[in-house]
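Peer 1: got a structure for you, letters missing:
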């Protein structure tokens, strides 16, 4: 049952990898998220070097997102104009991210930065999501229906230059805004081995004010290309993409996601969001604990392989 | 393992024949194989070392993987979290280390001899930059040993060299799934009265074979092409897997 991962240079049980892929796939189908934020820490936990986990997970997300992106394209749910601006930012951010990753790896700090990024980003999004869903559930109990807040608010962000029209999203905003969002998510994709949908989707809704109908499709469109860029650059510059690992996770993940999507239809939206928030917070807490707890041994063999 | 045992028996007969011819040699030894192939299903392996001595004495076997630099990092607490704050780079550190002996290591030879032949993890080569303060060196060296032990690449518990009769001996050396590739050095010493009276070296190679080896080569030699291929494979696999599932 063991399979030797050629680039990671370690031998793991391939059933375990299929199972991990399936389990995370189930959750990602259930919640409609990519699952990279769960998979990368899990891979590190089972002994895959962090750099390989991040690079290979990017390849897995490419595969996991492509069918969703195609489906949304067919249903005409992609705002390509917005998608390309986000993508330009994403390519910019992820290219910088891969360089930063290589620098950190040589300095022996890449594990710390990955863990810190996870704690901060997951802690913040998890907390916000939990608060939001608790509020929604309470509101529903009070009035019987969930109401939405104001769709569109004008802030200083709308006074930025380089205004651009996005007819599909019915927006007239500065192109700098989606570019910055794309760049930030791209940077995280390179550093954390995530697609970044869990940040991209809220940013599109609350920051850019895009209509929800095109949010998921546009975000998937952007994620496919940004994670493809991360995969290419990580493989090229850091040699940290193990395609055997990625494909095993992908096969498990695609199957799991189908079951998850069916299961998801039986649960209510606020409950789903609440559960997702708890899971995100759980991962953040576990990683935070690992950073604070006294390590078994203060010494470790570090930073890249001694070739 | 029966195939290995049969092979060993055959080889022992051969060694005996050789030992009789080369009566002048105090020690003759060989490995059941001089090559370990890492294939796609590789999950570690064992090699049998066997040989004969021309008289009494202790037999010690030292297996060392290819040597290279190793950076050891030390964490300390900064603002409540543990961060790598210090590091020391050692040179000439064997990537892999195993020892086997017919007696507890501290009863074999003298400390000087053990140090010279890298017998025991405490004696394994690791050169720190000149002028490193002794306490710092000792702390980092211990850290290096512990890290190597944790990875299973070094082993401080010697394997047993078993004597069958007064002259024939054998030992089983285990290699874990994460065994590094490269040229290995297997040294066998015959020690008597604190002196080494015979020694023999057998080279050994650990290499990747099959598809895994080609993938690794491709990933390192043509990194950009490998990156493109990885993206293509991920796209194709993702699309195919979801298409296949939808039809059912």
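Peer 2: Structure received. On a predicted model such as this, the values are computed, not experimentally measured, just so you know.

Peer 1: Report the buried residues of the helix or strand hosting residue A:83.
Peer 2: Using DSSP states H and E, residue A:83 sits in helix A:80-107. Within helix A:80-107, the residues scored as buried using 16 or more other Cβ atoms under 10 Å in any protein chain shown are A:81-95, A:97-98, A:101-102, A:104-105. Any C-beta I mention is one placed from the backbone N, CA and C, and that applies to glycine too.

Peer 1: Just the mean pLDDT for that helix, thanks.
Peer 2: Helix A:80-107 carries an average pLDDT of 92.

Peer 1: Okay, helices next: where are they in the chain?
Peer 2: In the absence of a named chain, this looks at chain A. Using DSSP state H, the helices found in chain A span residues A:14-31, A:36-45, A:50-74, A:80-107, A:110-143, A:176-192, A:197-202, A:212-233, A:243-264, A:269-292.

Peer 1: switch to chain B, that's the one I care about
Peer 2: Ranges of helices in chain B, per DSSP H, are B:2-21, B:111-116, B:134-151, B:210-221, B:223-247.

Peer 1: near chain A at all, the last one?
Peer 2: Yes - residues of helix B:223-247 contacting chain A under Cβ under 8 Å from any Cβ of the partner chain: B:223-224, B:226-231, B:233-235, B:237-239, B:241-243, B:245.

Peer 1: cool, the third one as well?
Peer 2: Yes - contact check for helix B:134-151 against chain A, using Cβ under 8 Å from any Cβ: residues in range are B:139-140, B:142-144, B:146-148, B:150-151.

Peer 1: which helices and strands sit right next to that helix?
Peer 2: Packing partners of helix B:134-151 (3 or more Cβ pairs under 8 Å, 6 or more residues apart in numbering or on different chains; DSSP states H and E): strand A:299-301, strand B:67-78, strand B:81-94.

Peer 1: Was I right to think residue A:190 contacts residue A:94?
Peer 2: Yes - in terms of Cβ atoms under 8 Å, residue A:190 counts as a neighbour of residue A:94; the distance is 4.5 Å.

Peer 1: what does the stretch 1-150 of chain A have sitting close to chain B?
Peer 2: Going by Cβ under 8 Å from any Cβ, the residues of the stretch 1-150 of chain A near chain B are A:2-4, A:6-7, A:9-11, A:59-60, A:62-67, A:70, A:108-109, A:112, A:116.

Peer 1: Name the residue closest to the centre of chain B, please.
Peer 2: Centrality entry for chain B: nearest residue to the mean C-alpha point is residue B:96, 3.5 Å, by Cα atoms, centre = their mean.

Peer 1: Spatially, what comes nearest to that residue if we skip its sequence neighbours?
Peer 2: residue B:65 (2.9 Å; Cβ to Cβ, 6 or more residues apart in numbering or on different chains).

Peer 1: The one you found and residue A:128: what is the separation?
Peer 2: As judged by Cβ to Cβ, to the nearest Å, residue B:65 and residue A:128 stand 50 Å apart.

Peer 1: the more surrounded of the two?
Peer 2: Set residue B:65 next to residue A:128 and count neighbours by other Cβ atoms under 10 Å in any protein chain shown: residue B:65 wins out with 23 against 14.
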